[in-house]
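Compute the structure for the input listed below.
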Amino acid sequence: MAKTELILLSLLVVLTVSATVVNGYGTMVGGKTEIKDVKSNKEVQGLGRFSVEEYNRSQGRLRSNGGGRRGMLVFSQVVEAQKQVVSGIKYYLKIEAMQNGLTRTFESVVVVKPWLKSKQLLNFSPSTQ
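Model prediction:
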């Protein structure tokens with residue numbers, strides 16, 4: 001009986017610990033983590049540029065014959081970013097872009113799957129903050 005209780009207690013401890021495991025930065029596994037030095041991070045800036053290009057493409061605002069269409073966004077910079085490990089890496093970006101001469105802020109969500117060499121824009125919208 002004592003052996004069964006010990007096994008059950010061990011199993012309970014393992015399950016409890018695995019459910020609350022934290023990474024080296026003190027955040028929950030699978031939770032969002034802030035990306036530091038965003039403005040100098042080439043990968044994050046590239047994902048911001050990708051987000052704006054994909055948004056323009058989805059809106060039919062691609063440059064044709066060297067000209068641009070009215071309302072097209074022009075990427076400026078990513079100002080804030082977070083990432084989350086999912087089946088790939090999900091990036092939450094706050095992006096500054098120019099539209100009709102005005103600087104506007106947008107929020108973007110991009111999933112990157114490096115092993116498939118894929119990037120997908122999941123959401124792009126004006127910032128609420």
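
now for the helix or strand harbouring residue 90, which elements pack on it?
Per DSSP states H and E: residue 90 is located in strand 88-99. Packed against strand 88-99 by the contact rule (3 or more C-beta pairs under 8 Å, 6 or more residues apart in numbering; DSSP states H and E) you find helix 42-58, strand 73-86, strand 102-113. All C-beta atoms are positioned from the backbone trio N, CA, C, and that covers glycine.

switch the cut-off to 10 Å
Of the remaining helices and strands, those touching strand 88-99 by 3 or more C-beta pairs under 10 Å, 6 or more residues apart in numbering; DSSP states H and E are helix 42-58, strand 73-86, strand 102-113, strand 118-126.

okay if I get those as TSV plus distance to residue 96 and mean neighbour count?
Written out in TSV, the entries for the helices and strands packed on strand 88-99 read as follows (distance: least, C-beta to C-beta, whole Å; neighbours: other C-beta atoms under 10 Å):
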stretch	distance to residue 96	mean neighbour count
helix 42-58	9	18
strand 73-86	4	17
strand 102-113	6	16
strand 118-126	12	13
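
Let me have the ones you listed in CSV, extended by mean pLDDT and distance to residue 35.
Below are the helices and strands packed on strand 88-99 laid out as CSV (pLDDT from 0 to 100; distance: least, C-beta to C-beta, whole Å):
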stretch, mean pLDDT, distance to residue 35
helix 42-58, 96, 6
strand 73-86, 97, 4
strand 102-113, 97, 13
strand 118-126, 96, 16
